[in-house]
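In: fold the following and give me the result.
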Amino acid sequence: MTDAIYPQVRIVPMRLLRPDTAEQLLNKLIQVGGIRRMTINGPNLPATVPYGPARGEPNPHPDRRAIRVGDQDVMLQIQVGMVILELEDESYIPAVKKAADETFADKGFSCTVQQGRYMKTQPTLSDYAKYGPDADRELLGLVDPRKKDRPIIIQGTK
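Out: Predicted structure coming up:
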């Protein structure tokens, strides 16, 4: 484990993002560079209806679709409500804020960009249970113990 402390930034839009807006924001963030890790959070968009009279039926939500981030297609399984970034150093923070502001300027709403600690930096019990003692350090704190699949890794452009 490294002793370096990497700055973390949270981008919180004033409303949930549509897939096209999320795609635009994520692509602008990747172009900024300096991102070590990124996670997006928001309410789940289940593939099937989880409860009620239509339980088990397909859930045809229009926001559950693939978006293109960088040169990868990513299946959006949530409505994006927050983006958390871990950066190489603090010099990238103004560029991240500018990318976020540019994305939301023409959409008619704004966002807040906050600096703090939002991702875990030490292995948790969930990390150990999911990946074992030799887990990839890049995945620390990104584990959802209920999910069967691994997080999607997007390789940024250098």
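In: contacts only, for R68.
Out: 23, 27, 74 (CB atoms under 8 Å, 6 or more residues apart in numbering). Bear in mind the C-beta positions are built from the backbone N, C-alpha and C, glycine included.
In: right, and the second one touches G70 too?
Out: Right, the one you point to is N27. Yes - if you go by CB atoms under 8 Å, N27 and G70 touch, sitting 7.0 Å apart.
In: what's the pLDDT at L26?
Out: pLDDT, L26: 94.
In: so what's it closest to, chain neighbours aside?
Out: V69 (4.7 Å; CB to CB, 6 or more residues apart in numbering).
In: got it, and K28?
Out: Closest to K28 by CB to CB, 6+ apart is A99, at 4.0 Å.
In: my read: that neighbour touches L29, true?
Out: Yes - judged on CB under 8 Å, A99 makes contact with L29 at a distance of 5.6 Å.
In: so what pairs up with the residue nearest to L26 in the strands?
Out: Q72 (DSSP bridges).
In: okay, the contacts of R68 in CSV with neighbour count and distance to D89 next?
Out: As requested, the contacts of R68 are exported to CSV (neighbours: other CB atoms under 10 Å; distance: CB to CB, whole Å):
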residue, neighbour count, distance to D89
E23, 19, 27
N27, 16, 22
V74, 16, 26
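In: A strand includes V83, no?
Out: Yes - membership of V83 in a strand is supported by DSSP: H, G, I helix; E, B strand; the rest coil.
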